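>>> Structural data only, the sequence is not supplied:
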């Protein structure tokens, strides 16, 4: 791009110098005409000069006013071209979801050892959200795609990692990790999660609409599919505040899943007996 701009400036400089050198004022012409009249040159026996179309400059026969207009037009086009080349796209900002600690931390001294293995996965997102850009909802069923605000990786993998971390700090007696897991580990539970909606809504809030269920290690459903719709106020303006609201929504979802696990008393022995 720099070489292209330098070439344009070089050619415009040549055109401008030719135009300026060929543009003479009326006073200069009258002075030269009076001088030639007072001191005529002897006529040489040569053939009259011929007009060469190839070497003649396109402005050699233009009046001084038109030459100046031509020069100003060339400079205007040059400045317009340079201003267009100097326009840059805004930088792209990448975001990630983060786990949040529970509002009330469990007493680790009174909880049993973590013997039940809970795997978070598969985690899927709807086709609307399965893209790098952040999505927000506007009025009249209009969705807006933020081209320069993107997820730092897959949204599904990001959500699975955050849910595993949130559940590990809330569900006592469980070893929690996110799928896929590289180690061959026997799984007692699997949390299947599908995120239908996760975006900002017009009333300055964020919305999470998700379906989840618990499976055993063989993939058989142990609980009916539960639908959860949560809202969270956006405390900050812009997309950083929006992503922060997403963190709080996933923390609320982890609270609901952990409460279900503790309320039903589902442990590894219960899963093996089913």
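Ah, there it is. As the structure is a prediction and not an experimental result, all values here were calculated from the model.

>>> Okay, and residue 167 sits in which element?
helix 155-168 (DSSP states H and E).

>>> same check, this time on residue 212
Remark: residue 212 resides in strand 205-216, with elements defined by DSSP H and E.

>>> between the top helix by length along the chain and strand 205-216, how many degrees?
As assigned by DSSP state H, the longest helix anywhere in the chain is helix 238-264. Per axes from the mean of the first three to the mean of the last three C-alpha atoms, to 10 degrees, the angle that helix 238-264 makes with strand 205-216 is 40 degrees.

>>> What residues of helix 238-264 count as buried?
Neighbour-count burial for helix 238-264, with 16 or more other C-beta atoms under 10 Å as criterion, is recorded at 239, 242-255, 257-258, 261. To be clear about C-beta, it is placed using only N, CA and C from the backbone, and glycine gets the same treatment.

>>> in the protein, which spans are strands?
Per DSSP state E, the chain carries strands over the ranges 93-95, 116-125, 133-137, 143-151, 174-178, 189-201, 205-216, 226-233.

>>> Could you dump those strands into a markdown table with mean neighbour count added?
Listed next are these as a markdown table, based on neighbours: other C-beta atoms under 10 Å:
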| stretch | mean neighbour count |
| --- | --- |
| strand 93-95 | 15 |
| strand 116-125 | 22 |
| strand 133-137 | 18 |
| strand 143-151 | 15 |
| strand 174-178 | 21 |
| strand 189-201 | 20 |
| strand 205-216 | 19 |
| strand 226-233 | 14 |
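
>>> For residue 105, find the nearest of those strands.
Of all the strands of the chain, it is strand 174-178 that lies closest to residue 105, at 15.3 Å by C-beta to C-beta.

>>> before we move on, back to that, which strands or helices does the strand holding residue 212 pack on?
If you count contacts as 3 or more C-beta pairs under 8 Å, 6 or more residues apart in numbering; DSSP states H and E, strand 205-216 packs onto strand 189-201, strand 226-233, helix 238-264.

>>> Point out the other helices and strands that the first one packs with.
The one in question is strand 189-201. strand 116-125, strand 133-137, helix 155-168, strand 205-216, helix 238-264.

>>> Many thanks, have a good one.
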